[in-house]
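>>> no FASTA, just this:
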Ligand SMILES: [Zn+2]
């Protein structure tokens, strides 16, 4: 069991990440949510509370069996289900960031993922960033679609909805989310004058090999 002290520290990090998401412009209003894995399940931002007003006591512990205790009159984000299902499906996920940023969401409304138009697409772990099939928010169906779209990746878009990322910790998940939104903006700009040229699969394999060798992403 994660200790109370460790849980409180992690809850504060969840809040800090949610605030950073807002400051970096990848969140629109109160639509985003952030979670982190604990032994019992996960800690997740509550529904209908402004991030700037949150304290660790507002962060909700949702158990792996889908139960939670209402504390401080807070309920988990209405989108808790795909967070919990992703932790079950992905042992590499320690944190999840979900948001409805403008560019990623605009692409998702065309039910279009991000193709290998730029080498930084590799930051999500593969040759592309897929778009999950649409389903109503909070449903098991949406969870299943998201788990499928993000397979072997750290990010996916969600049709007519937004995007999500997972990471080895909160900073990692947030960093990927920021990068995915930048890529979505660049992709939209490139698409404005036609289909951009794609990198070849071999070129993407070379990028992934270099990223995985720890030579750093973002360096050109
Ligand atoms: Zn959402």
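Everything's here; your move. Every value quoted in this text rests on a predicted model; they were computed, and no experiment measured them.
>>> contacts only, for residue 17.
Taking Cβ atoms under 8 Å, 6 or more residues apart in numbering as the criterion, residue 17 is in contact with 34, 95, 97, 170-171, 173-174. Heads up, the C-betas are built off the backbone N, CA and C, glycines and all.
>>> mind running it again at 10 Å?
For residue 17, the contact set (Cβ atoms under 10 Å, 6 or more residues apart in numbering) comprises 32, 34-36, 45, 51, 95, 97, 169-171, 173-174, 177.
>>> need the buried ones from those selected in ChimeraX.
Buried residues among the contacts of residue 17 (16 or more other Cβ atoms under 10 Å), as a ChimeraX selection:
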select :32,34,35,36,45,51,95,97,170,173,174,177
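>>> among the contacts of residue 17, which are in strands?
Cross-referencing these against strands under DSSP state E gives 34-36, 95, 97.
>>> could you dump those to a markdown table with distance to residue 187 and pLDDT?
As requested, the ones in strands among the contacts of residue 17 are arranged in a markdown table below (distance: Cβ to Cβ, whole Å; pLDDT from 0 to 100):
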| residue | distance to residue 187 | pLDDT |
| --- | --- | --- |
| 34 | 24 | 96 |
| 35 | 27 | 98 |
| 36 | 29 | 98 |
| 95 | 25 | 98 |
| 97 | 19 | 97 |
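>>> tell me the one of these nearest residue 5?
The closest of the ones in strands among the contacts of residue 17 to residue 5 turns out to be residue 36 (Cβ to Cβ; 14.9 Å).
>>> who does the closest residue to the closest one other than its chain neighbours bridge with?
Leaving aside its sequence neighbours, residue 36 sits nearest to residue 95 (Cβ to Cβ, 6 or more residues apart in numbering; 4.7 Å). Taking DSSP bridges as the rule, residue 95 bridges to residue 36, residue 167.
>>> OK, contacts around residue 95?
So residue 95 contacts 10, 13-14, 17, 34-37, 42-43, 83, 87, 165-174 (Cβ under 10 Å, 6+ apart).
>>> residue 129 versus that one, what's the distance?
18 Å (Cβ to Cβ, to the nearest Å).
>>> farthest-separated two in the contacts of residue 17?
51 and 169 (18.6 Å).
>>> for stretch 1-18, the averaged confidence score.
On average, the pLDDT along stretch 1-18 is 92.
>>> cool, and stretch 98-116?
97.
>>> and the residue lying closest to residue 115 once chain neighbours are set aside, how many residues sit next to it?
Among residues not flanking residue 115 along the chain, residue 128 sits closest, at 5.4 Å (Cβ to Cβ, 6+ apart). Residues near residue 128, counting by other Cβ atoms under 10 Å, number 17.
>>> now do the same for residue 128: its pLDDT.
For residue 128, pLDDT reads 98.
>>> could you do the one 3 residues further on as well?
Predicted confidence (pLDDT) at residue 131: the value is 98.
>>> any idea how far residue 26 lies from residue 214?
In terms of Cβ to Cβ, residue 26 sits 26 Å off from residue 214.
>>> so which of those two has more stuff around it?
residue 26 (27 against 7).
>>> show the backbone phi and psi for that one.
With angles defined as degrees, to the nearest 10, residue 26 sits at phi -100, psi 0.
>>> ok, it touching residue 164?
No. Using Cβ atoms under 10 Å, residue 26 is not in contact with residue 164; the gap is 11.2 Å.
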